[in-house]
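Enquirer: what's the 3D shape of this:
(4 chains)
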Protein chains: 2
Amino acid sequence: MVTAREIAQLCGVSVATVSRVFNRPATVSATTRENVERVARELDFSPNESARALSRQRSAMVGLVWDTDHRRPGWRHPFLQDLLLGLKSALSSHGYHLLMLATSDDARDRNPGVSLADPIAYVSMTRRHHLAGLVLIDSGTDAEAFTAFAQSGLPCVAVDVALSGPRATYVTSDNAAGAAEAVRHLAALGHDRIATITGPRGNAPAAARTEGYLRGLAEAGLPAREDFVVTGDFYRESGFVGMRRLLARKDPPTAVFAASDEMAVGALLAARAAGLRVPADLAVVGFDDIEVASLVDPALTTVAQDKPGFGTAAAGALLAMIDNQEAPEPVRLPTKLVIRDSCGA
Amino acid sequence: MVTAREIAQLCGVSVATVSRVFNRPATVSATTRENVERVARELDFSPNESARALSRQRSAMVGLVWDTDHRRPGWRHPFLQDLLLGLKSALSSHGYHLLMLATSDDARDRNPGVSLADPIAYVSMTRRHHLAGLVLIDSGTDAEAFTAFAQSGLPCVAVDVALSGPRATYVTSDNAAGAAEAVRHLAALGHDRIATITGPRGNAPAAARTEGYLRGLAEAGLPAREDFVVTGDFYRESGFVGMRRLLARKDPPTAVFAASDEMAVGALLAARAAGLRVPADLAVVGFDDIEVASLVDPALTTVAQDKPGFGTAAAGALLAMIDNQEAPEPVRLPTKLVIRDSCGA
DNA sequence: GCTAGGAATGTAACCGGTTACAGTACAGGA
DNA sequence: TCCTGTACTGTAACCGGTTACATTCCTAGC
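Expert: Residues are numbered from 1 along each chain as shown, chains lettered A, B, ... in the order given. Purely as a prediction, here's the structure:
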């Protein structure tokens, strides 16, 4: 492990100069700089990150706070891999790495009322590691815990959770617009009894999708019927039972907009169980465009989210805050209606 | 940010004593220890990780090397989330965090012949960050690059790639046993013309699954036919074309073992395209038990891998190497045949 | 010829812990 | 009473960078 002092000695300069070459090259004369760079390259020197973080009081790491909903251990984020990939590549081009934070509570049983293991523990960890910023990924439903992070003063960007603060922002899909487009599509196909299975209460994207559903109905000139709105929780089973409830109405819907693909699949299964054919008897549209959407039979028409875009946008917002100190506006990524077979277009 | 010196001052002891309380509590008298612990708790003190890493020459972080196969950007690891979750919780209970390494090359175009962006860059990064160990996740096919890590002397554990060295080991499923069980299951159902669609050449799990396929045939007293082995690449399309090739034989198979669920789904589609009914005309078994397996129609019988087990086992092996210096034997996780509808049990 | 001012570099004090080594206090044994 | 060993604790030198401030050297301006 070669150090800056050795480089300095070999080049006949002081450590300070070596350090400057790596941090503010403009303040070093061209000849000295080139000499130091050459020797550093030959000896494969690169500054020790621990020492650098200690001295600068800031590391080149961004923390990632991510837990699954412990009340639903089977749940998986619909597109974590794309998100991570996008984050990683955008951050790396600016020299940052991603530190997956974990509290010691992770391995233990959790307090059933709280989503995150222990926000305080995470915040203390960000200080200990001198993290440059934080990416918060919604773990399921109750995300109020995230405000603790926004209050820590550290640059924070949340995914799919509204977060505000002087150095906090968030990125989400334009859920309302996507949902409205889906509903208009159904209306254009001639449906006038369009129901929805929503996400859980208190979840921001879920609320926005419901709002978009209502807006879509209004734009299509259709009345909103309270009995056509059933509450789900994004999981498949809730789509199944929700659909069953809807089909039990005396005047059942001919089309349904599910606020997640998982629930849409549940709805598909419920329709099949009820002896209905999709799309002939019932049209179904989902939201997310996860992998299974194209694999179920019939293939699911769905509102696709810009998955890698989340990572890139989150990284961009974070880097801006790390540099500029000012929180950018929340990012609202456009969605795209992917038409497949489940609504018989 | 309260420091150890402040705690020391408040307790009327030296910094060394405070440090000892956190690192070798047994060497401090009970009264002093309790006093320091109390004050530290009250002031929410915890040692700065940068300083600690610098001084100890070792951080409490484990690096994660993970790239997708850039030649197949659409490819996703079949169970990265479970893996990460398992890793994270096992590591956190020992105070370690996971650092997702990224080289600056990540954001740029890649050299088409190389799997990892730049192994050298990663190795240098591990030194810079004083990482305690490394987890290597197979990014697709050519994993020879990983040996560079094993040679670095750092504790390394690879997932699904055979890796050896004084401080390197790996974890993988018992692929051969799983495949053999699948084949025996098909044979027990009366099939005597069982084909396989393999994974890519040079991939260790793929080779083991093919070996298990042959062993299963032998155990069932069936002859191995060379024309019943077609090479795929784990992706869905290769399952589709592989199946089509198999069905074009004059004496086509009545059952097929696909070395991945993705390829099994491709085989399902090819069978459907050829007008065959599954499982009546063709039995299909996959490998992995990814989420879609239970969603396709018919639901896929498949060899399930112990997904969270990978994370736990990897963390366990890594922690052992970090402590003991000696590399544990490679871990071979048991698989489990999940019987669904695609082979008409 | 003298000086102001800028550019380049060096000096040394940090950042916040860890730990080898030295020192002190007190018990028990001779 | 003196000596020795054990149990604790303190002192200070690291770990490897960054950076405020001081210093040196030149050049341009008067």
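Enquirer: alpha carbons only for contacts and neighbour counts from here, please
Expert: Noted.
Enquirer: buried ones in the longest helix seen in chain A?
Expert: Taking DSSP state H as the criterion, chain A has its longest helix at helix A:307-324. In terms of neighbour count (16 or more other CA atoms under 10 Å in any protein chain shown), helix A:307-324 has its buried residues at A:307-322.
Enquirer: burial measure for A:A150, as a count.
Expert: 23 (other CA atoms under 10 Å in any protein chain shown).
Enquirer: ok, now how distant is the nearest residue to A:W66 once chain neighbours are set aside from A:S260?
Expert: Leaving aside its chain neighbours, A:W66 sits nearest to A:I137 (5.3 Å; criterion: CA to CA, 6 or more residues apart in numbering or on different chains). According to CA to CA, to the nearest Å, A:I137 and A:S260 sit 17 Å apart.
Enquirer: okay, these two: which has more neighbours?
Expert: A:S260 (29 against 21).
Enquirer: test my guess that A:F310 contacts A:G86.
Expert: Yes - when contacts are counted by CA atoms under 8 Å, A:F310 is listed as touching A:G86 (7.2 Å).
Enquirer: who in the stretch 151-300 of chain A is up against DNA strand D?
Expert: For the stretch 151-300 of chain A, no residue is in contact with DNA strand D (CA under 7 Å from any atom of the strand).
Enquirer: quick check: residues of the stretch 151-300 of chain A near chain B?
Expert: Within reach of chain B by CA under 8 Å from any CA of the partner chain, the stretch 151-300 of chain A has these residues: A:E291, A:V292, A:L295, A:V296, A:D297.
Enquirer: buried among those residues? Make that a ChimeraX selection.
Expert: To isolate the buried members of these in ChimeraX, using 16+ other CA under 10 Å:
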select /A:292,295,296,297
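Enquirer: dump the residues of the stretch 151-300 of chain A next to chain B into JSON lines; add secondary structure and pLDDT as well.
Expert: Below are those laid out as JSON lines (DSSP: H, G, I helix; E, B strand; the rest coil; pLDDT from 0 to 100):
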{"residue": "A:E291", "secondary structure": "helix", "pLDDT": "85"}
{"residue": "A:V292", "secondary structure": "helix", "pLDDT": "86"}
{"residue": "A:L295", "secondary structure": "coil", "pLDDT": "83"}
{"residue": "A:V296", "secondary structure": "coil", "pLDDT": "86"}
{"residue": "A:D297", "secondary structure": "coil", "pLDDT": "83"}
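Enquirer: could the residues of the stretch 151-300 of chain A next to chain B go into a markdown table alongside distance to B:F234?
Expert: As requested, those are exported to a markdown table (distance: CA to CA, whole Å):
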| residue | distance to B:F234 |
| --- | --- |
| A:E291 | 16 |
| A:V292 | 17 |
| A:L295 | 17 |
| A:V296 | 20 |
| A:D297 | 22 |
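Enquirer: only alpha carbons, please: show the longest helix of chain A as PDB.
Expert: Output of helix A:307-324 as PDB, limited to C-alpha atoms (Å, rounded to 0.1, in the frame of the first residue of the first chain):
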ATOM      1  CA  LYS A 307     -37.200   1.800 -14.000                       C
ATOM      2  CA  PRO A 308     -33.600   2.700 -14.800                       C
ATOM      3  CA  GLY A 309     -34.800   6.300 -14.900                       C
ATOM      4  CA  PHE A 310     -35.500   6.100 -11.200                       C
ATOM      5  CA  GLY A 311     -31.900   5.300 -10.500                       C
ATOM      6  CA  THR A 312     -30.500   7.900 -12.800                       C
ATOM      7  CA  ALA A 313     -32.900  10.600 -11.500                       C
ATOM      8  CA  ALA A 314     -32.200   9.800  -7.900                       C
ATOM      9  CA  ALA A 315     -28.500   9.900  -8.400                       C
ATOM     10  CA  GLY A 316     -28.800  13.200 -10.300                       C
ATOM     11  CA  ALA A 317     -30.800  14.900  -7.600                       C
ATOM     12  CA  LEU A 318     -28.500  13.600  -4.900                       C
ATOM     13  CA  LEU A 319     -25.400  14.800  -6.600                       C
ATOM     14  CA  ALA A 320     -26.900  18.200  -7.200                       C
ATOM     15  CA  MET A 321     -27.700  18.500  -3.600                       C
ATOM     16  CA  ILE A 322     -24.300  17.400  -2.500                       C
ATOM     17  CA  ASP A 323     -22.800  20.100  -4.700                       C
ATOM     18  CA  ASN A 324     -25.200  22.900  -4.700                       C
END
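Enquirer: having no further points to raise, I will conclude here.
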